[in-house]
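Novice: take this sequence and fold it.
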Amino acid sequence: MKLSKNFALSEIFGSSPANVQQSQTASRLCITILQPLRDWLGHPMVISSGYRSPEHNKKIGSPTSEHTWQGSAGAVDVSIFDHTE
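Specialist: Next up, the predicted model:
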């Protein structure tokens, strides 16, 4: 499912299922932050970490991360390539 011109739901959630609220949050995040940043940069951005289940978050040693999206606007980590400014 496309969330914006350059971002898809699967990039943020991987193989984890997203409920309606999470899908809406991801859509807002892409439309208001990620896509405008991508357009401004003019270079691809790769989402290296998006949503994480609370169990996965604890397993990697980050029990309170915003990546669990519990009551938050969500968190994503991105890598930007071919950008020198």
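
Novice: what does the helix or strand of the chain with the lowest mean pLDDT rub up against?
Specialist: Lowest by mean pLDDT, DSSP states H and E among the helices and strands of the chain is helix 54-59, with a mean of 85. Applying Cβ atoms under 8 Å, 6 or more residues apart in numbering, the external contacts of helix 54-59 come out as 63, 65, 67-68, 70. No exception for glycine: its C-beta is placed from N, CA and C like everyone else's.

Novice: can you give me the strands in the chain?
Specialist: Counting by DSSP state E, the chain has strands at residues 45-49, 77-80.

Novice: just the buried members of the contacts of helix 54-59?
Specialist: Neighbour counting with 16 or more other Cβ atoms under 10 Å marks 65, 67-68 as buried within the contacts of helix 54-59.

Novice: quick revisit: out of the contacts of helix 54-59, who's nearest residue 32?
Specialist: Closest approach between the contacts of helix 54-59 and residue 32, by Cβ to Cβ: residue 67, at 18.4 Å.

Novice: ok, that closest one to residue 27 distance?
Specialist: Per Cβ to Cβ, to the nearest Å, residue 67 is found 17 Å from residue 27.

Novice: adding pLDDT and distance to residue 57, write the contacts of helix 54-59 out as CSV.
Specialist: Listed next are the contacts of helix 54-59 as CSV, based on pLDDT from 0 to 100; distance: Cβ to Cβ, whole Å:
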residue, pLDDT, distance to residue 57
63, 76, 6
65, 83, 5
67, 82, 6
68, 82, 5
70, 70, 10
